[in-house]
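[1] Need a 3D model of the following:
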Amino acid sequence: MIKEILLLGNPELYRISEPVKKDEINRIKEVVEDLHDTMADFRKQYGVGRAIASPQIGVMKRLIYMYIDMPVIFINPVLKDKSNETMLVWDDCMSFPDLLVKVKRNMSCRIVYRDLEWKEKEMKLKGDLSELLQHEYDHLDGILAVSRAVDNQSLALNSQKGLLK
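    Alright, predicted model coming up:
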């Protein structure tokens, strides 16, 4: 079911999410469907959207849904082995679709998580996928990209994307 995406300013977005418990997996499967439907609707409206964290639809659990070539569900993810090498990126977010924020992210990282079968998995990420998962992971800790802006000139309207460096 398509859910409302919480927008910048909503205090819920700043809350730290609770870990998913194994006995909640059936409820989590429903939330994953909601995340899929909500992200698909966002893509239809804005033409972008590769991942969404459950706090963005008001479910304060440590859950990320990513769909690039296929869906990947990250339950209770933990970011590890963040590289010392960083990159500056203009970050966008479904919770503030008209705003871009320049942030510094680690060039690579490793994420350890559980899947819907409760099996532990891990994934090594580089470049834009590393940035994407760091962004979504921040949502689980109540951190928004606007809190990570590199300086006071690091906010821009999406309509100005062509002018950004």
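[2] buried ones in the longest strand along the chain?
    The longest strand of the chain (DSSP state E) is strand 71-80. By 16 or more other C-beta atoms under 10 Å, the buried positions in strand 71-80 come out as 72-77, 79. (C-beta placed from N, C-alpha, C; glycine too.)
[3] Neighbouring strands of that strand in the sheet, and parallel or not?
    strand 63-67 (antiparallel), strand 108-114 (antiparallel) (DSSP bridges).
[4] Could you say which of these is packed most deeply?
    strand 63-67 (a mean of 23; mean count of other C-beta atoms under 10 Å).
[5] Need the contact partners of that one.
    17, 20, 28, 31-32, 35-36, 39, 50-54, 71-77, 132-133, 136-137, 139-140 (C-beta atoms under 8 Å, 6 or more residues apart in numbering).
[6] element containing the spatially most central residue of the chain, please.
    In the chain, the centroid-proximal residue (C-alpha atoms, centre = their mean) is Glu136; its distance is 2.0 Å. Glu136 belongs to helix 127-140 when assigned by DSSP states H and E.
[7] next structured bit after the longest strand of the chain?
    Heading C-terminal from strand 71-80 (DSSP H and E), you reach strand 86-91.
[8] In that following strand, which residues are buried?
    So strand 86-91, judged by 16+ other C-beta under 10 Å, has buried residues 89-91.
[9] Equivalent analysis for stretch 154-164, please.
    For stretch 154-164, by 16+ other C-beta under 10 Å, it's 154, 156.
[10] So which elements touch the lowest-mean-pLDDT helix or strand in the chain?
    Least confident helix or strand of the chain, by mean pLDDT, DSSP states H and E, is strand 155-157 with a mean of 93. Packing partners of strand 155-157 (3 or more C-beta pairs under 8 Å, 6 or more residues apart in numbering; DSSP states H and E): strand 99-106.
[11] quick one: buried residues of the strand it packs on?
    Buried positions in strand 99-106, judged by neighbour count with 16+ other C-beta under 10 Å: 99-103, 105-106.
[12] Just send those back as a markdown table, with pLDDT and distance to Arg148 too.
    Shown next, in a markdown table, are those (pLDDT from 0 to 100; distance: C-beta to C-beta, whole Å):
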| residue | pLDDT | distance to Arg148 |
| --- | --- | --- |
| Leu99 | 95 | 13 |
| Leu100 | 95 | 13 |
| Val101 | 96 | 7 |
| Lys102 | 96 | 9 |
| Val103 | 97 | 4 |
| Arg105 | 97 | 8 |
| Asn106 | 98 | 12 |
